[in-house]
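1. this one's structure only:
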């Protein structure tokens, strides 16, 4: 039995649930993770990633000393260097001076438009605040974004348009107060496992009824009253048909609609075409099931909607999310405990990184950059001369890379993200990465993106730094250092502040504050300018996190939003049209590919592929329905090639009824068979989110020796 | 409140809400009853019987974790009969299983003067350590069959149903369907079971390896088999 030297309370670094962890440390190594049973977020429960997935911290491939590429990289000829012998070790002084020299050289030559940064939804609020501050205050650019663009941008834009705020409206623990819940476009048991436990409990113990709307037969279907297996990309007709039924059968909550919303007449007129039969003809969902679902939700006492990327990651992601918002408006299932519109945020701190202004249109606190008053507010706060900050909207994540050419973006700084796995149409992404003039990676491992970099700055994982994460239900929670950084690695906030000072002295700019004593001081600065964070202090969240908005030091936080009013005043109905997916199956590419995640892995795999989690699920598999498999000569476990118009991968088939006829599914965690080589880079016109959830592919049997790692096989009973 | 129930525990009057267990009623007046299988996160089952108390008029000792308070009950939590029962339960546990990593039970034995060697003839459970997955080990010699792991795998948390009791009587063991390896079951490796195990029977693999003297560096090397990259 090991007696821990100390037990450190912190917050899980994986999904947006924000489980409370206790790290048991002996001899500067975590040997066990537990969770307190009175934790409000997770009641002592964890998933496999939270409980066992911390071992990447100690992986021998972790980079713990600054690295500089041995051979100088030229735009257009940039290569990936995965091997350490392609890099030389450097001191922090050398590496940071080099980064500062190159960034300032490019900025002085090409101006702010040439500079861009990816912030990081895995890093702390403080890290993200400082990084966007560096690029905005020093390089005067709003080319600041992060992976929120690739995950819930559609939901964020929809909620901003209809409501004026873009977070989960209610608290995850309110799930047990729902009597009817719509769960759509989220495989919650794998991606927000602890919220899924609450959903299961709501059904089994409290008699709640669950409606699953998803092209895959996800595990929650076992708990559902109703499963509507729609074709990927047909959310708008299905949910609009539900609205149609609610109106036609007079199940509308008129008090709510009259008091709290606007635009109902035009909206009702727009619903005329969305009959359940029309929706059935497009989505494949039986019209009568749509009717039953509409009645169930409309007649609920407390109805709630939970959604994930299956709604937002479409070229009409904004419209899909609006279709859900309309249902809540029509029925009044929002603004009360146990109701609400709940986009389940993916990353541990995607809510926080967004709150911190790691986005091209907004300063921290969602203050629009093009608004003169906002710009002046931040100029005053940071000590930048009047008119100094850019009023121009910046480029989004995907746009930053597509602008990587002479006259466009020349220098890119990536903190902890991996666009070479997470962007759609990776062959195109590769071209863009190669065209950069200067690339900095600040990360733990040389991942697919960092391998392109000129300089690698070794940062630290969650266990080696202090800070805060804001989870999916807006709860700001503490992250605490369990032990010292390995090797020469440094916390992100320290790297950023050190680098910013070097850049500042080269620019000869008026001094901006960078000499923070601790992340606590950074959060205090945030709170002094961002009203929603004003009442959040390290002292107040020491035991239990507070849910923003926290308006002042005595405010207790906001468990659910919109009780009295919506931020924009009245909720706005926005009539919709059905726009099909950008690429639809045809004779040549007969399947719809949809992508997603697995319980055992995390996104681009930088963490989990360097963990024993990889032993639990070591290879990518494509899910294909038995009927399709038979038709195409595919057997379970056999190698197949999946190709789209953009790329191809070879991987094993998983013949399973978890997917539906005509739809195949590939998780996007595996670089050996990267699903995003296949996906379509068509964007939602408003949210600029790519269409990860639907593209056309073909599937053919392949030879075993074409597999990237034929000796690796996933053998698990449950999959 | 009108519908409160008044009873007497160890000579003290206490009034509680209906449906309060004797264990919770005792807690309200600061009377500590020992527990082993009971856990705040699982449904009480009265399996281990260490929490038994003497209720006047009842023939047998009553497990306080499940018996509800009744009006006028006279309860003794430390009568001679209760103490003897607890001592015997502890001695029987110690006679068949490995309690070396259950410090709370070991201190209970000390408190009750329980003798580990009370039943020298008892057959000790000898079960090979199950090391069938990358996340945790199952050493059922240390298992006292408290059922917490089964409960959190089922309705008390996870709804996954990967493990349950197998066998009867002395042969009872926590097992998977047909005793198959965990990766072959519905197990999601959430480790809720590890989190509630009171005896170290379920243990993270990393903790186990460190105990065995394997250095953190060696463990990391063991895990670092990176698969080859796709050539372009």
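-> Nice, I can see it. These figures come from a predicted structure and were not determined experimentally. Residues are numbered from 1 along each chain as shown, chains lettered A, B, ... in the order given.

2. contacts and neighbour counts: CA atoms only from here.
-> Noted.

3. check contacts around the closest residue to residue A:524 other than its chain neighbours.
-> Among residues not flanking residue A:524 along the chain, residue A:537 sits closest, at 7.0 Å (C-alpha to C-alpha, 6 or more residues apart in numbering or on different chains). Counting by C-alpha atoms under 8 Å, 6 or more residues apart in numbering or on different chains, residue A:537 makes contact with A:520, A:523, A:524, A:553.

4. Return the residues of chain B in contact with chain A.
-> B:40-41, B:101, B:133-135, B:155, B:157-159, B:183-192, B:195, B:204, B:206-207, B:210-211, B:216-217, B:220-221, B:223-224, B:226-230 (C-alpha under 8 Å from any C-alpha of the partner chain).

5. got the residue ranges for the strands in chain B?
-> B:5-9, B:12-16, B:52-55, B:62-63, B:74-76, B:136-138, B:163-166, B:173-176, B:202-204 (DSSP state E).

6. element containing the residue nearest to residue A:524?
-> Assigned by DSSP states H and E, residue A:537 belongs to neither a helix nor a strand.

7. What confidence value was assigned to it?
-> Note for residue A:537: predicted pLDDT of 97.

8. Same question for the one 4 residues further on.
-> At residue A:541 the predicted local confidence, pLDDT, stands at 97.

9. So it sits against residue A:480, correct?
-> No - with contact defined as C-alpha atoms under 8 Å, residue A:541 does not reach residue A:480; the gap is 11.9 Å.

10. Now do the same contact list for residue 8.
-> Since you didn't name a chain, this refers to chain A. Per C-alpha under 8 Å, 6+ apart, neighbours of residue A:8: A:21, A:22, A:23, A:24, A:25, A:480, A:481, A:482.

11. meant chain B, my bad for not saying
-> Applying C-alpha under 8 Å, 6+ apart, we find residue B:8 in contact with B:14, B:72, B:73, B:74, B:75.

12. pLDDT below threshold where in the chain?
-> Looking at chain A here, since you left the chain open. Judged against pLDDT under 70, chain A has no low-scoring part.

13. My question was about chain B, not that one.
-> B:1-2, B:223-232.

14. Swap in 90 and give it another go.
-> Judged by pLDDT under 90, chain B has its weakly predicted residues at B:1-3, B:169-170, B:215-232.

15. gap between the longest helix belonging to it and the chain center?
-> What stands out as the longest helix in chain B, according to DSSP state H, is helix B:80-96. Once both centres are worked out by C-alpha atoms, centre = their mean, to the nearest Å, helix B:80-96 turns out to sit 16 Å from its chain's centre.

16. tell me which residues in that helix are buried?
-> Buried residues in helix B:80-96, counting neighbours by 16 or more other C-alpha atoms under 10 Å in any protein chain shown, are found at B:82-83, B:85-96.

17. As a markdown table, those with distance to residue B:114 would be great.
-> Below are these laid out as a markdown table (distance: C-alpha to C-alpha, whole Å):
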| residue | distance to residue B:114 |
| --- | --- |
| B:82 | 13 |
| B:83 | 10 |
| B:85 | 10 |
| B:86 | 9 |
| B:87 | 5 |
| B:88 | 7 |
| B:89 | 9 |
| B:90 | 6 |
| B:91 | 6 |
| B:92 | 9 |
| B:93 | 10 |
| B:94 | 9 |
| B:95 | 11 |
| B:96 | 14 |
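
18. Near residue B:50, how many other residues are there?
-> 25 (other C-alpha atoms under 10 Å in any protein chain shown).

19. and the closest residue to it other than its chain neighbours, what does it touch?
-> Distance criterion C-alpha to C-alpha, 6+ apart; nearest residue to residue B:50, sequence neighbours excluded, is residue B:86 at 5.3 Å. Contacts for residue B:86 (C-alpha under 8 Å, 6+ apart) come out as B:49, B:50, B:51, B:52, B:112.

20. quick one: which of these is nearest to chain A?
-> residue B:51 (21.2 Å; C-alpha to the nearest C-alpha).

21. OK, contacts around the closest one?
-> Applying C-alpha under 8 Å, 6+ apart, the residues contacting residue B:51 are B:23, B:33, B:34, B:35, B:36, B:63, B:64, B:65, B:86.

22. Residue A:28 versus that one, what's the distance?
-> 39 Å (C-alpha to C-alpha, to the nearest Å).

23. Relative to chain A, which of the buried residues of helix B:80-96 is nearest.
-> Using C-alpha to the nearest C-alpha, the buried residues of helix B:80-96 come closest to chain A at residue B:94, 18.0 Å.

24. For the residue nearest to residue B:205 when sequence neighbours are not counted, name its beta-bridge partners.
-> Of all residues not flanking residue B:205 in the chain, residue B:136 sits nearest, at 4.5 Å (C-alpha to C-alpha, 6+ apart). Listed beta-bridge partners, residue B:136: residue B:204 (assigned using DSSP bridges).

25. can you give me the helices for the stretch 1-150 of chain A?
-> Along the stretch 1-150 of chain A, the stretches classed as helices by DSSP state H, counting those that start in this stretch are A:48-52, A:92-110, A:125-133, A:148-151.

26. Turn those into CSV, columns for distance to residue A:74.
-> Formatted as CSV, the helices of the stretch 1-150 of chain A follow (distance: least, C-alpha to C-alpha, whole Å):
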stretch, distance to residue A:74
helix A:48-52, 39
helix A:92-110, 13
helix A:125-133, 26
helix A:148-151, 28
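
27. buried set for stretch A:222-230?
-> Neighbour count says stretch A:222-230 has A:223, A:224, A:226, A:227, A:228, A:229, A:230 buried, by 16+ other C-alpha under 10 Å.

28. distance between the ends of it?
-> 17 Å.

29. who touches that stretch?
-> A:200, A:203-204, A:209-217, A:221, A:238, A:283-286, A:289-290, A:293, A:660.
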